[in-house]
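**Student:** Give me a 3D structure for the following:
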Amino acid sequence: MKIEDIKANAFAMPLTSPAFPRGPYRFTNREFLVITYRTDMDALRAVVPEPLEISEPLVKFEFIRMPDSTGFGDYTESGQVIPVSFRGVKGNYAHAMYLNDHPPIAGGRELWGFPKKLASPILETEIDTLVGTLDYGKVQIAKATMGFKHKIVDHASILTSLAAPNFLLKIIPHVDGSARICELVRYFTTQVTLKGAWTAPASLELHPHALAPVADLPVIKIESAIHFIADLTLDLGEVVHDYLSPK
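**Tutor:** Predicted coordinates:
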């Protein structure tokens, strides 16, 4: 293969059979269970990178069922997202994500810098209860429950939340093991069609694990719980801060 062919075709690994296709990436009937809880402020400060800022000790624990996603297939994801602000604009920082499908793990890490690891999340309805579980190997590290569609939520608040910027810390090492890329990335979700949104009583329990430390941000009090279904597009990102820049 000639050098010009490599330059023309290279966008992901492996070169001749990339783990994921080129975007855009459209998600249909994406189902969310999001439980917002209060945690320890010092624990948050220890994991949120500057120049992002925290105003309240809140965490969103998410279970997301994705039955139809362009190029990524059918999978489920779970993790922790932290409300932050950047230059005075409110947004969300993805702290930890666990999922059961290789293409979005590879694509999420390589393209945007999503903090994705392989695990076994499940989001399902058991009679009158929405149940989310997250296992890392054979160990259950999270379990969430929520009443099924008790009360309709105003769509405007959900759409505003989905329109907010999202932030990631993208790290790609050099061949000598040092950081070659270390950037704060911002991305947006667009073309959102919200199909329904509900709230109900909810619970969340987190368990310690050496390699999946979701319990390091402990649950002190549950503030809210939202269940919603939407179609949306995951846009590509932009670099808003380069940690390796001499400036």
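
**Student:** Would you map the helices across the chain?
**Tutor:** 3-9, 41-45, 102-107, 155-163 (DSSP state H).

**Student:** Just name the most buried of the ones you listed.
**Tutor:** Ranked by mean neighbour count, the helices of the chain are led by helix 102-107 with a mean of 20 (mean count of other C-beta atoms under 10 Å). Where C-beta positions appear, they are placed from N, C-alpha and C, glycine not excepted.

**Student:** quick one: average pLDDT of it?
**Tutor:** For helix 102-107, mean pLDDT is 96.

**Student:** partners of Leu58 in the sheet?
**Tutor:** Taking DSSP bridges as the rule, Leu58 bridges to Arg38.

**Student:** Show me the shaky parts of this structure.
**Tutor:** 247 (pLDDT under 70).

**Student:** circling back to that earlier point, tabulate the helices of the chain (JSON lines), appending distance to Val214.
**Tutor:** Below are the helices of the chain laid out as JSON lines (distance: least, C-beta to C-beta, whole Å):
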{"stretch": "helix 3-9", "distance to Val214": "39"}
{"stretch": "helix 41-45", "distance to Val214": "11"}
{"stretch": "helix 102-107", "distance to Val214": "17"}
{"stretch": "helix 155-163", "distance to Val214": "21"}
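
**Student:** among those helices, which is nearest Thr70?
**Tutor:** The closest of the helices of the chain to Thr70 is helix 102-107. By C-beta to C-beta, the value is 10.5 Å.

**Student:** who does the closest one touch, helix- and strand-wise?
**Tutor:** Taking 3 or more C-beta pairs under 8 Å, 6 or more residues apart in numbering; DSSP states H and E as contact, the helices and strands that helix 102-107 lies on are strand 73-86, strand 116-118.

**Student:** one step back: looking at the helices of the chain, which is closest to Ile64?
**Tutor:** So among those, helix 102-107 is nearest, using C-beta to C-beta, at 10.7 Å.

**Student:** what residues does the closest one touch?
**Tutor:** 12-13, 19-20, 25, 69, 71-73, 75, 77, 99, 116-118 (C-beta atoms under 8 Å, 6 or more residues apart in numbering).

**Student:** mind saving the C-alpha coords of that helix as PDB?
**Tutor:** Extracted C-alpha coordinates of helix 102-107, given in PDB (Å, rounded to 0.1, in the frame of the first residue of the first chain):
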ATOM      1  CA  HIS A 102     -16.600  -3.000  21.100                       C
ATOM      2  CA  PRO A 103     -17.200  -0.500  18.200                       C
ATOM      3  CA  PRO A 104     -18.500   2.300  20.400                       C
ATOM      4  CA  ILE A 105     -15.800   1.600  22.900                       C
ATOM      5  CA  ALA A 106     -13.100   2.000  20.200                       C
ATOM      6  CA  GLY A 107     -14.900   4.900  18.400                       C
END
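
**Student:** Tell me how far it lies from the chain's centre.
**Tutor:** 13 Å (C-alpha atoms, centre = their mean, to the nearest Å).
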